[in-house]
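Colleague: One predicted model, sequence on top.
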Amino acid sequence: MSRNVREMACAPESVFEVLAEGWLFPTWVVGASRMRDVDADWPAVGSRLHHSFGAWPVLINDETVSTEWDPPRRAVMVATGWPIGEARISIDVKPRGEGSVVRLQEEAIAGPPRYLPDLLFDLLLHRRNAETLHRLAYLAEGRHARTRETTAEEENEEAGRPSSPDVADDHEAEEAAQAAEAAEAARG
């Protein structure tokens, strides 16, 4: 079983808003490449997401079934992609201060990965699921007005990675506006 935990600068309800929008699935789940269909009653128990993983021309049609839906606390899904197998994914969310803590657990329940030693399975999935939570943080934290940087932006800064191109740094935006004003004043 692979387990990842991440603090997010948003309420648990914001996380569940993202989970409830089935068409967003390939935006935050690493490996999911496209949506083919979303059941009208998603995320009700028994409803399905129909998606693919991989990259063209090697795509595997997959589906994910909601097996537990208890917002804003817990969601459990079973992802199926043969010949890879099946996995149970649980997402538990708890409030912490003004934000929340999100725990994602993935466990092989059928197919070849079920026979891998837990340590090897965890090594294969840990980085993938860390990036999945990173993407989920961008979506959940960006849904509502916020008073500080998102945890995803903070993580990029700490790692020395550039900010996402669509996330403007307030200081840089202010400097750009001042430079534009100075250039306009010099022309006029």
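Modeller: Yep, it's here.

Colleague: from here on, contacts and neighbour counts on C-alpha atoms
Modeller: Will do.

Colleague: Helices of this protein, start to end?
Modeller: Secondary structure of the chain, counting by DSSP state H: helices at 12-20, 25-28, 118-141, 151-159, 170-187.

Colleague: buried set for the third one?
Modeller: The reference is to helix 118-141. 121-122, 125-126, 128-141 (16 or more other Cα atoms under 10 Å).

Colleague: picking up where we left off before, generate CSV for the helices of the chain, with distance to Met1 as supplementary columns.
Modeller: Shown next, in CSV, are the helices of the chain (distance: least, Cα to Cα, whole Å):
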stretch, distance to Met1
helix 12-20, 21
helix 25-28, 20
helix 118-141, 6
helix 151-159, 24
helix 170-187, 40
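
Colleague: can those helices go into a markdown table with extra columns for distance to Leu104 and mean pLDDT?
Modeller: Output for these, formatted as a markdown table (distance: least, Cα to Cα, whole Å; pLDDT from 0 to 100):
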| stretch | distance to Leu104 | mean pLDDT |
| --- | --- | --- |
| helix 12-20 | 12 | 97 |
| helix 25-28 | 13 | 96 |
| helix 118-141 | 7 | 89 |
| helix 151-159 | 16 | 78 |
| helix 170-187 | 32 | 56 |
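
Colleague: Could you measure from the residue lying closest to Ser52 once chain neighbours are set aside over to Ile89?
Modeller: Leaving aside its sequence neighbours, Ser52 sits nearest to Asn61 (Cα to Cα, 6 or more residues apart in numbering; 4.3 Å). According to Cα to Cα, to the nearest Å, Asn61 stands 18 Å off from Ile89.

Colleague: higher neighbour count, the two?
Modeller: Remark: of Asn61 and Ile89, Ile89 carries more neighbours, 22 against 18, as counted by other Cα atoms under 10 Å.

Colleague: In contact with that one, which residues?
Modeller: Counting by Cα atoms under 8 Å, 6 or more residues apart in numbering, Ile89 touches 76-79, 104-107.

Colleague: Give me the nearest residue to it, chain neighbours excluded.
Modeller: Closest residue to Ile89 apart from its sequence neighbours, by Cα to Cα, 6+ apart: Glu106 at 4.5 Å.

Colleague: ok, the one you found - contacts?
Modeller: Per Cα under 8 Å, 6+ apart, neighbours of Glu106: 1-3, 87-90.
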